[in-house]
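*Asks:* Below is the sequence, then the predicted model.
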Amino acid sequence: MPIFDFKAFAADGRTQKGMIEAESQKAARLKLKKRGLIVTEIVEKTTAKPRSSGGLPFLGTRISPREIAMMTRQLASLVKANIPLVEALNALVDQTENERLKVILAQVRQDVNEGSSLAKATAAHGKAFDTIFVNMIEAGESSGTLGLVLLRLADLKETQMRLRGKIVSGMTYPVLMMIVATVLMIAIFTFVIPKITKIFESMNKPMPAMTKFLMLVSDIIVNWWFVVVAIIGVVVWLFRKYINSESGRPKWDAFKLRAPVFGSLIRMIAVTRFSSTMATLLSSGVPILTSMSIARNLVDNVPIAKAIASARENITEGQSIAEPLRRCGEFPPLVIHMIAIGEKTGELPDMLKNVAETYEEQVNARVESMTALLEPLMIVAMGGVIGFIVFSVFMPLMNMSNLNQR
């Protein structure tokens with residue numbers, strides 16, 4: 001049934017607004033009237049046909065990956081309990097709190113009720129349900145294992161969330177320290193250094209090079225800050241334009257993979273995404289060529305994506321996956337070895353799952369160690385900058401003191 005947004009007056013004169021399900025706008029008004037409400041405005045939020053764009057621009061509520069994962073697990077539980085799909089979707093619509101997701105699920109339920117498959121109904125909302133979701137649903141429906149596939153899909157979404165959350169939480173404190181340090185430095189150069197500069201200039205004494213440099217930086221920040229901001233803005237814009245171009249993106253991605261400290265972490269994350277996605281898709285019955293196309297788009301790194309595309313071409317020619325991945329040099333030897341064993345034994349999904357679990361643990365350990373290392377490094381760097389400022393300020397004072405003693 002369609003969903004309607006409404007505004008109404010209660011018996012006590014207070015304004016109420018919300019959503020209501022009904023077969024038509026007239027039926028919705030009757031339902032609200034029975035509640036003792038006087039309707040002032042009512043607007044339908046669903047359509048009879050699926051939206052090819054998948055977007056609902058008039059809704060501002062964002063759908064988080066956590067909500068999609070929770071919804072998927074709830075739907076899996078209902079399907080495995082042999083509850084008809086339309087009734088399961090109806091239960092999800094009733095208990096979903098996110099307004100945008102509620103509307104999308106109502107549209108999906110309506111399409112399924114009209115005879116559409118769940119995969120086709122969810123494919124019409126690409127912003128909420130990605131390619132992995134749609135392909136796995138389609139494989140589950142065709143194989144009659146929709147409940148099991150939904151559980152695996154929920155596991156995959158939760159694994160991706162854990163990995164992303166671990167990285168974000170690990171980098172939050174260092175980034176926060178960097179922001180605080182930057183604000184402190186700007187405050188010192190904007191308010192403290194100019195006052196000290198006036199004192200030194202009034203003394204008409206020669207200044208050390210360090211002090212002159214400090215005064216120059218302060219002058220630029222105070223009097224030419226708009227030029228500095230403009231230059232930084234232009235540089236950032238040009239850099240982003242370059243790394244998003246066809247020629248710049250491959251070079252930037254290759255540089256990231258070979259960057260000290262962070263390069264190995266970026267490679268581990270890409271390998272984890274590839275392995276977990278492939279394992280989930282293959283074990284759910286998605287064809288290997290489709291699985292590799294989806295995994296290639298998810299790794300978000302051009303050199304690794306090219307290696308996966310090359311392996312996909314090999315499969316179409318009847319060859320193995322492991323050999324092109326070995327030739328590209330982007331995948332660790334352990335991963336290549338386990339993929340080769342999985343191909344020979346016919347247990348490729350299980351091997352890829354082991355790879356994903358192994359590298360997820362390594363990513364967690366690496367993020368923790370990097371966070372532990374970044375904190376003292378940033379403290380030392382901040383101490384060095386503060387020390388430079390203090391030394392630059394006290395050097396002239398010490399020189400003047402020595403001259404007065406003579």
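*Replies:* Received it, and whenever you're ready, just let me know what you need.
*Asks:* ok now do the residue lying closest to residue 137 once chain neighbours are set aside, which residues does it touch?
*Replies:* What sits nearest to residue 137 in space, not counting adjacent residues and going by CB to CB, 6 or more residues apart in numbering, is residue 119, at 4.3 Å. The C-beta positions use only the backbone N, C-alpha and C, and glycine is treated the same way. By CB atoms under 8 Å, 6 or more residues apart in numbering, the residues touching residue 119 are 134, 135, 137, 138, 141.
*Asks:* Of all residues in the protein, which one is nearest the centre?
*Replies:* With distances taken as CA atoms, centre = their mean, the residue of the chain nearest its centroid is residue 164 (6.9 Å).
*Asks:* after the helix or strand containing that one comes which helix or strand?
*Replies:* For residue 164, the element it lies in under DSSP states H and E is helix 146-187. Tracing the chain C-terminally past helix 146-187 and defining elements by DSSP H and E, one meets helix 193-203 next.
*Asks:* And for that following helix, what's in contact with it?
*Replies:* Residues outside helix 193-203 that contact it (CB under 8 Å, 6+ apart): 207, 211, 214, 215, 217, 218, 219, 222, 389, 393, 396, 400.
*Asks:* Adding distance to residue 151 and pLDDT, write the residues you listed out as CSV.
*Replies:* Putting the contacts of helix 193-203 into CSV (distance: CB to CB, whole Å; pLDDT from 0 to 100) gives the following:
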residue, distance to residue 151, pLDDT
207, 71, 76
211, 67, 80
214, 62, 82
215, 66, 84
217, 59, 85
218, 61, 86
219, 64, 86
222, 61, 86
389, 58, 82
393, 64, 77
396, 71, 73
400, 76, 61
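*Asks:* Relative to residue 171, which of these is nearest.
*Replies:* Distance to residue 171 across the contacts of helix 193-203 (CB to CB) is lowest for residue 389, with 27.2 Å.
*Asks:* Tell me the gap between the helix holding residue 164 and the middle of its chain.
*Replies:* Chain-centre distance of helix 146-187: 8 Å, with CA atoms, centre = their mean, to the nearest Å.
*Asks:* And for stretch 118-137?
*Replies:* In terms of CA atoms, centre = their mean, the centre of stretch 118-137 is found 19 Å from the chain centre.
*Asks:* again, but for stretch 71-86
*Replies:* When C-alpha coordinates are averaged (CA atoms, centre = their mean), stretch 71-86 and its chain have centres 27 Å apart.
*Asks:* Pull out the buried positions in that stretch.
*Replies:* By neighbour count on 16 or more other CB atoms under 10 Å, the buried set for stretch 71-86 is 71, 72, 73, 74, 75, 76, 78, 79, 85.
*Asks:* tell me the two of those residues that are most distant?
*Replies:* The most widely separated members of the buried residues of stretch 71-86, counting by CB to CB, are 73 and 85 (15.7 Å).
*Asks:* can you list the weak-confidence ranges in the chain?
*Replies:* By pLDDT under 70, the low-scoring segments of the chain are 1-3, 21, 45-61, 205, 399-406.
*Asks:* tell me the domain boundaries of it?
*Replies:* Split into domains by automatic domain parsing, the chain comes to 3-44, 65-155, 156-406.
*Asks:* among these, which is the most enclosed?
*Replies:* Each of those was scored by mean neighbour count; the highest is domain 65-155, a mean of 19, by mean count of other CB atoms under 10 Å.
*Asks:* Kindly check the end-to-end length of it for me.
*Replies:* 12 Å (CA to CA, to the nearest Å).
*Asks:* one step back: what spatial separation is found between the residue lying closest to the residue nearest to the centre of the chain once chain neighbours are set aside and residue 130?
*Replies:* Distances taken as CB to CB, 6+ apart place residue 65 nearest to residue 164, at 7.9 Å, with adjacent residues excluded. Taking CB to CB, to the nearest Å as the measure, residue 65 falls 10 Å from residue 130.
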